[in-house]
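[1] I would like to see how this sequence folds:
(one chain, ligands or ions: 1)
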Amino acid sequence: MQIALAPMEGLVDEILRDVLTRIGGIDWCVTEFIRVSERLLPAATYHKLAPELFNGSRTQAGTPMRVQFLGSDPQCLADNAAFACTLGAPVIDLNFGCPAKTVNKSRGGAVLLKEPELLHAIVREVRRTVPADIPVTAKMRLGFEGKEGALDCARALAEGGASQIVVHARTKVEGYKPPAHWEWVARVQEVVGVPVFANGEVWTLDDWHRCREISGVDDIMLGRGLVSRPGLARQIAAVRAGEAPAEMSWAELQPLLLDFWQQARRKLAPRYAPGRLKQWLAMLTRTYPEAVALFAEVRREQDCERIDRLLMMPSS
Ligand SMILES: Cc1cc2nc3c(=O)[nH]c(=O)nc-3n(C[C@H](O)[C@H](O)[C@H](O)COP(=O)(O)O)c2cc1C
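    Alright, predicted model coming up:
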């Protein structure tokens, strides 16, 4: 039974991975996708998107990190994956779910779900090229427009050599619109012999119970739900261990929010740091009334020092 933190480009960067994995309950996390199209990326690109490579491919809390790729050229993906392994990537993950327009125009992400043979070729080539002890895993949506090809895609990934498959239980066209079709996770698990992770629309402990019941799988990947309710993985882990699932309080979260901000100030250009804070804070407003108040104060602020003061003040 595993709980994974979802890869989220532009949101779950090394800073948020660091802070969220400190809370507990997360078994592994993934980098934002690394796009490869025609060349071997330099080591600097990997170190920028996956600085955990300098730390044994673990976050500061010790949570393992996987390196995710997006692309459509089997050989180029395989070469980059093999290079990432020399830099310390412990697992290679392949993204077949990204709905972004630019990504799909240049063939990558969810559009590849129209071509199960290509999915198979990509996974097979990456599997063949990276060292045998490095697992290759995959993440897919249920299809591009319709779901009729979902099982063929899952089979193609498993037969190509993916040792785990995360299913974001929606098509590309469904985007992020609820509901997620967890019953399809069960159908995928029926046709492949490798573990399948359920993903999509799990925001609360109740959602998790329903997702588990409908999907029938134990392994789960949490995205926006975990970003907006950072204690969710810890709550799920507690239930699994037969313990009481305490909510994470605002008081417990506040030092982490401050640390997130301080890291953002250190690692990002001053014009970007406030935006990153607001982005996370906006998601936290779904769970914490205190975040609503703080977000209202911070949202129009661009001055880092004034934001420092707002964050250090205890908000009621
Ligand atoms: C802002 C954003 C960025 C994302 N970036 C990635 C990505 O880089 N790689 C990927 O495989 N999925 C990406 N996803 C999809 C998520 O990993 C996940 O499958 C999706 O959000 C559904 O899970 P959730 O309902 O728990 O958020 C992204 C989603 C969002 C909202």
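[2] ok and the residue in this protein nearest the ligand?
    residue 223 (2.6 Å; Cβ to the nearest ligand atom). The way it works is simple: take the backbone N, C-alpha and C, and place the C-beta from them, glycine included.
[3] pretty sure that residue is touching residue 8, no?
    Yes - contact criterion Cβ atoms under 8 Å: residue 223 and residue 8 qualify, at 5.8 Å.
[4] who has more neighbours, the two?
    Using other Cβ atoms under 10 Å, the more surrounded residue of residue 223 and residue 8 is residue 223, with 21 against 17.
[5] residues in contact with that one?
    Counting by Cβ atoms under 8 Å, 6 or more residues apart in numbering, residue 223 touches 5, 6, 8, 12, 199, 200.
[6] Residue 204 contacts residue 228, doesn't it?
    No - if you go by Cβ under 8 Å, residue 204 and residue 228 don't touch, sitting 9.9 Å apart.
[7] So between those two, which is more surrounded?
    Between residue 204 and residue 228, residue 228 has the larger neighbour count (other Cβ under 10 Å), namely 19 against 14.
[8] Scan the helices and strands of this protein for the one with the lowest mean pLDDT.
    Every helix and strand of the chain was ranked by mean pLDDT, DSSP states H and E. The lowest is helix 101-105, at a mean of 60.
[9] what residues does the helix or strand just after it touch?
    Note on helix 101-105: by DSSP states H and E, the next helix or strand toward the C-terminus is helix 116-129. Helix 116-129 is contacted from outside by 69, 71-72, 74-75, 77-79, 81-82, 92, 94, 96, 112-113, 136, 138, 140, 149, 152-153, 155-157, 159-162, using Cβ under 8 Å, 6+ apart.
[10] Just the buried subset of these, written out for ChimeraX, thanks.
    Here is the ChimeraX command that picks out the buried ones among these, judged by 16 or more other Cβ atoms under 10 Å:
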select :69,71,72,74,77,78,79,81,82,92,94,96,112,113,136,138,140,149,152,153,155,156,157,159,160,161,162
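[11] so of the contacts of helix 116-129, which ones are in helices?
    Among the contacts of helix 116-129, the members falling in helices (DSSP state H) are 74-75, 77-79, 81-82, 152-153, 155-157, 159-160.
[12] any chance of those residues in CSV, plus pLDDT and distance to the ligand?
    Below are these laid out as CSV (pLDDT from 0 to 100; distance: Cβ to the nearest ligand atom, whole Å):
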residue, pLDDT, distance to the ligand
74, 96, 18
75, 96, 21
77, 97, 14
78, 98, 18
79, 98, 20
81, 98, 15
82, 98, 20
152, 98, 20
153, 97, 14
155, 98, 20
156, 98, 17
157, 98, 13
159, 98, 21
160, 98, 17
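[13] Export the residues you listed as TSV, with columns for distance to residue 251.
    Below are the ones in helices among the contacts of helix 116-129 laid out as TSV (distance: Cβ to Cβ, whole Å):
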residue	distance to residue 251
74	50
75	52
77	45
78	48
79	49
81	43
82	46
152	50
153	45
155	48
156	48
157	43
159	50
160	48
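[14] For residue 27, which non-adjacent residue is spatially closest?
    Leaving aside its sequence neighbours, residue 27 sits nearest to residue 2 (Cβ to Cβ, 6 or more residues apart in numbering; 4.4 Å).
[15] who touches that neighbour in this structure?
    Residue 2 touches 27, 28, 197, 218, 219, 220, counting by Cβ under 8 Å, 6+ apart.
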